[in-house]
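Q: Provided below are the primary sequence and the corresponding predicted coordinates.
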Amino acid sequence: MPEIADNGRTWLLSGPTSSYALHLTEADELVHLHWGPGIALADAEALAALPPSERGASFESPLDGREEYPVEGGPRFVRPALSVRTDERRGTEWSYRDFEADDDGLRLRFRDAGLAVTLHYRMRGDVVERWTTLRNDGEGPLELLRADSATWTLPERDDWRLSQLHGRWAAESRLTRSPLTYGEQVIGSRRGHTGHQHLPWVALDTDATEERGEVYGCALGWSGTWRIAVAQLPDARVQITGGVGYDDSGLLRLAPGESFTTPVFAGLWSDGGFGGASRTWHAYQRAYVVPDAERDRPVLFNSWEATYFDISEEQQGTLARRAAAMGVELFVVDDGWFGARTGDHAGLGDWQPNRDRFPNGLKPLADQVHDLGMQFGIWVEPEMVNPDSELYRAHPDWVQFQSGRKRTEFRNQLVLNLAREDVQEYLWEQLHGLLSSAPVDYVKWDFNRCFTDAGWPDDPYPQRLWVDHVRALYALLDRLRAAHPGVAFESCSGGGGRIDLGIMSRTDQVWTSDNTDPLDRLDIQHGFSQIHPARVMAAWVTDSPNTQLNGRVSSLRFRFVSAMAGVLGVGGDLSEWSEEELAEARRWVDLYKEIRPLVQQGDLYRLRPPAGGLSAVQYVRGDESVVLAWLQAQRFGEPVPALRLRGLDPTASYECRETGEVHRGAVLLHHGLRTGLRGDLDATVIRLRRI
């Protein structure tokens, strides 16, 4: 519960190692006091008593760089978090009303004419969750041009460095770090979904290493168009503002009595370097974000790269028998099971089994899979429609489009306007009926194209579809999960195009990338781990050579160890695997099941980044630890370098199960690597147990 000063104008939220403090001045201005190492309430009150700087008073705002939630209007020049327009005026001149504090956090309430604003704060571990509720209490309409979730203020430091995750399709989540310069750096998505180009996360530091130094991180929980702006102000202060929408052209129009609640914009401070920040993010998501995170995710087989669109009940049954013999626990039928879906040109929107391929529906195959001891899953792409479909022929007005303009197609498909209530109800009926017609345990929910013609000709405020599409997606997932609590969901968007805290709160795992090359995946997984835990990171073992992207040849050993760093899956054509390969695969699957609790629930230590030579990660849980190591290249017979282990008790001894050696807790692990790695593109798994 937040601590409150006696005057009721200073508030302090504290976690295990950090604190966050804010203050309401005598002029009713809400200012930021502290975000960083843990402090006492008396320290926060002392900070509140310090006079503000008067530097450049004639040309600068005393609020800029200090205000908790900058609004448009008045003596402010920084980027506003809130921009509002009515028929009479634009901007906000708000006044403080009251606050409420309890075990669920802190709520500060303000008002401006007919606009009611509530700022929410909640501490979960060392992660601060912030969001904002806006309600129209007036008599006329009110337009939200910009409604960010929060603005974060960092302490004054020299030489800030910005970390972000950038990429593109099949090359997502690549980590980059660069000096922060004066002005703004903006990342985001204009595409209607989170996007492959950036994950909605930033981190700032000055001199942090992997395990030492201060790191500030922020992550936005929104699965549509978004923006995060990092600004170094003229006086060197830094503020981070983020929320829904990319520009300020308008989000929503609120009628009297209507409200909008922004997504959570979460932030953390860590003095444990980038690794410490990551472990805090991971623990937070496992405890508060991901559904049923305490349950380990099963080993899956997905049929896509084995069969593509050419599928049948008999063929899928053959693959299922081979997958079961390998130890797979979840069998997933990918694209091609429904409607007229014999290629990507037709069938999206018609969510009934293709009777030529599945004469009696999906239930016979699902029953067969269950009899083999596996769960059964299917692929869907509910937000899309092919023009060649029964749905589109019946309802061409159900897609996003602009009057008098060509309807742009990517992958021969259009985007359904999910903001429409009739579209929402149709998808509910289709998907609820589908999940009720067969014993489905798992749904891979895909989204394979961006918004382009985001229009809604019949609506008086058509731009609301950018926000309402995502809100309707969340509502549909929530409704399906409530009606089918035993069904798990995976978020996919052509790979990693929809990964964020918002979608993660409604799905059990995410498809990290369509790139299944095991070497490329090391970089993708390294970036992904900066913010998200292995518990949600789906990774597949597919065929070699990798014909989808680069033709690279890699051993089954390397492919498995690469994929074992997350939620293990298999996506190769098992009908073409030899008996020797199937037997080896069974050994790797058995090993993964042994180490799965450590990988999916343990603390992650990135021992060496994937920089071209040896890379390695370590997971620690209780008295056990496992190291996954990959040798990407070896020049001139150079020896394999040693690894210094992390996260172990330095006073204890640990037995290496692969070599029988006994090590002290803080050791260099060398012999196990030397014996386990034999050349380029090789990999090994080393397990340790406290004795």
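A: Arrived safely. Residues are numbered from 1 along each chain as shown.
Q: ok, residue 386 - contacts?
A: Listed by C-beta atoms under 8 Å, 6 or more residues apart in numbering, the contact partners of residue 386 are 344-349, 392, 412-414. Using the backbone N, CA and C atoms, a C-beta is placed for each residue, glycine as well.
Q: so who does the closest residue to residue 252 other than its chain neighbours touch?
A: Spatial nearest neighbour of residue 252, excluding adjacent residues (C-beta to C-beta, 6 or more residues apart in numbering): residue 144 at 4.9 Å. Contacts for residue 144 (C-beta under 8 Å, 6+ apart) come out as 83-84, 134, 250-254, 260.
Q: doesn't residue 144 fall inside a strand?
A: Yes. Counting by DSSP: H, G, I helix; E, B strand; the rest coil, residue 144 falls inside a strand.
Q: which residues does it bridge with?
A: Here residue 144 sits in beta bridges with residue 84, residue 252, going by DSSP bridges.
Q: neighbouring contacts of the lowest-mean-pLDDT helix or strand in the chain?
A: Ranked by mean pLDDT, DSSP states H and E, the helix or strand of the chain with the weakest confidence is strand 662-664, at a mean of 82. Strand 662-664 has contacts (C-beta under 8 Å, 6+ apart) with 645, 650-656, 669, 688, 691.
Q: try it again at 10 Å.
A: Residues from elsewhere that reach strand 662-664 (C-beta atoms under 10 Å, 6 or more residues apart in numbering): 645, 648-656, 669-672, 688, 691.
Q: please identify the buried residues of that strand?
A: Across strand 662-664, burial judged by 16 or more other C-beta atoms under 10 Å covers residue 663.
Q: what's the first helix or strand after that strand?
A: Toward the C-terminal end, the helix or strand that comes next after strand 662-664 (DSSP states H and E) is strand 668-669.
Q: and that following strand, what's its mean pLDDT?
A: Here strand 668-669 scores 86 as its mean pLDDT.
Q: packing partners of the helix or strand just after that strand?
A: Next in sequence after strand 668-669, counting helices and strands by DSSP H and E, comes helix 671-676. Other elements packing on helix 671-676 under the criterion 3 or more C-beta pairs under 10 Å, 6 or more residues apart in numbering; DSSP states H and E are strand 624-631, strand 682-690.
Q: how about the contacts made by the residue nearest to residue 447 when sequence neighbours are not counted?
A: Spatial nearest neighbour of residue 447, chain neighbours left out: residue 493 (4.1 Å); criterion: C-beta to C-beta, 6+ apart. Neighbouring residues of residue 493 by C-beta under 10 Å, 6+ apart: 169, 172, 191, 193-196, 223, 381, 383, 445-450, 499, 503, 510-511, 514.
Q: of these, which belong to helices?
A: If you go by DSSP state H, these have residue 503 in helices.
Q: what pairs with the least confident helix or strand of the chain, and is each one parallel or antiparallel?
A: In its sheet, and by DSSP bridges, strand 662-664 pairs with strand 653-656 (antiparallel).
Q: for the strand it pairs with, give me every contacting residue.
A: Here strand 653-656 has contacts from 623-625, 627, 645, 648, 661-665, 667, 669, 671-672, 686-691, using C-beta under 10 Å, 6+ apart.
Q: what are the buried residues along that strand?
A: Buried residues in strand 653-656, counted by 16+ other C-beta under 10 Å: 654, 656.
Q: now swap in stretch 466-480 and tell me
A: 466-474, 476-477, 480.
Q: export stretch 367-374 to CSV, keeping only CA atoms.
A: Only the C-alpha atoms of stretch 367-374 are listed here, as CSV (Å, rounded to 0.1, in the frame of the first residue of the first chain):
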residue,chain,number,x,y,z
ASP,A,367,-9.7,-37.8,-30.7
GLN,A,368,-6.9,-39.7,-32.4
VAL,A,369,-4.4,-37.2,-31.1
HIS,A,370,-5.7,-37.5,-27.6
ASP,A,371,-5.6,-41.3,-27.8
LEU,A,372,-1.9,-40.9,-28.6
GLY,A,373,-1.4,-39.0,-25.4
MET,A,374,-1.1,-35.5,-26.9
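Q: for that stretch, give the mean pLDDT please.
A: 98.
Q: for the residue nearest to residue 130 when sequence neighbours are not counted, which residues make a bridge with it?
A: Using C-beta to C-beta, 6+ apart and skipping residues adjacent in sequence, the residue nearest residue 130 is residue 150, 3.7 Å away. Beta bridges link residue 150 to residue 242 when assigned by DSSP bridges.
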